[in-house]
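Engineer: Give me coordinates for this.
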Amino acid sequence: MKRGKSKTDAPKKADTKLSVKKGPERAAKKPRKFKDGKDPNTPKRPQSAFFVFMEEFWKMFKEKNPNNKSVAMVAKAGGDKWKSLTEEKAPYVAKAAKLKAGYTKTMVSYNKSQSGGGGGSRAAATDEAEEEGEESDKSKSKVNDDDDEEEV
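Structural biologist: Numbering: from 1, shown residues only. Next up, the predicted model:
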């Protein structure tokens, strides 16, 4: 007995929604928009009073609980302790204000060097590092040494 083709006997078509288009049929990707690159010589922002407190608290907490490996537990305990402090916050707030004042001073000199002429930002950052007794990684590189020779 002959029977007609059923739906199951018909050749299966690929689901067009799920198929990957190859070649010219594929939609062209839009080019990515890149953000402006940040200047690596920009001074870092100062720590807030809470983070100044957390530096000290972290050391004390580690001494009291040497077996604790959880960063979250230390952070939670530090946050709770910070909330409970009232008048004891004053030294941390003062230190944070001092760091902020230094940062604003550095930013003013950095901004002046940026507007003063093209390559001054590197020199300002190097001066800051030398004041702290450190050399920046950029001052050690051969590429920047070549640039310094051309500027002279």
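Engineer: And the pLDDT for residue 83?
Structural biologist: On pLDDT, residue 83 comes in at 95.
Engineer: list the contacts for it?
Structural biologist: The contact partners of residue 83, taken as CB atoms under 8 Å, 6 or more residues apart in numbering, number zero. For every residue, glycine as well, the C-beta is placed using N, CA and C.
Engineer: For it, what is the enclosing helix or strand?
Structural biologist: Per DSSP states H and E: residue 83 is located in helix 71-84.
Engineer: list the buried ones in that helix?
Structural biologist: In terms of neighbour count (16 or more other CB atoms under 10 Å), helix 71-84 has its buried residues at 74, 77-78, 82.
Engineer: Can I get that helix as CSV, trimmed to CA atoms?
Structural biologist: Only the C-alpha atoms of helix 71-84 are listed here, as CSV (Å, rounded to 0.1, in the frame of the first residue of the first chain):
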residue,chain,number,x,y,z
VAL,A,71,38.5,39.1,53.1
ALA,A,72,34.8,39.6,53.3
MET,A,73,34.8,38.9,57.1
VAL,A,74,37.5,41.5,57.7
ALA,A,75,35.7,44.0,55.6
LYS,A,76,32.4,43.4,57.3
ALA,A,77,34.0,43.7,60.8
GLY,A,78,35.8,46.9,59.7
GLY,A,79,32.6,48.4,58.4
ASP,A,80,30.8,47.6,61.6
LYS,A,81,33.6,49.0,63.7
TRP,A,82,33.7,52.2,61.6
LYS,A,83,29.9,52.7,62.0
SER,A,84,30.3,52.4,65.8
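Engineer: average pLDDT across the next helix-or-strand element following it?
Structural biologist: For helix 71-84, the following helix or strand on the C-terminal side (DSSP H and E) is helix 90-116. Regarding helix 90-116, the rounded mean pLDDT is 94.
Engineer: Just list what helix 90-116 packs against, helices and strands only.
Structural biologist: helix 49-64, helix 120-131 (3 or more CB pairs under 8 Å, 6 or more residues apart in numbering; DSSP states H and E).
Engineer: which helices and strands sit right next to the longest one?
Structural biologist: Helices and strands touching helix 49-64, by 3+ CB pairs under 8 Å, 6+ apart, are helix 71-84, helix 90-116.
Engineer: Can you tell me which of the ones you listed is nearest to residue 52?
Structural biologist: helix 90-116 (4.8 Å; CB to CB).
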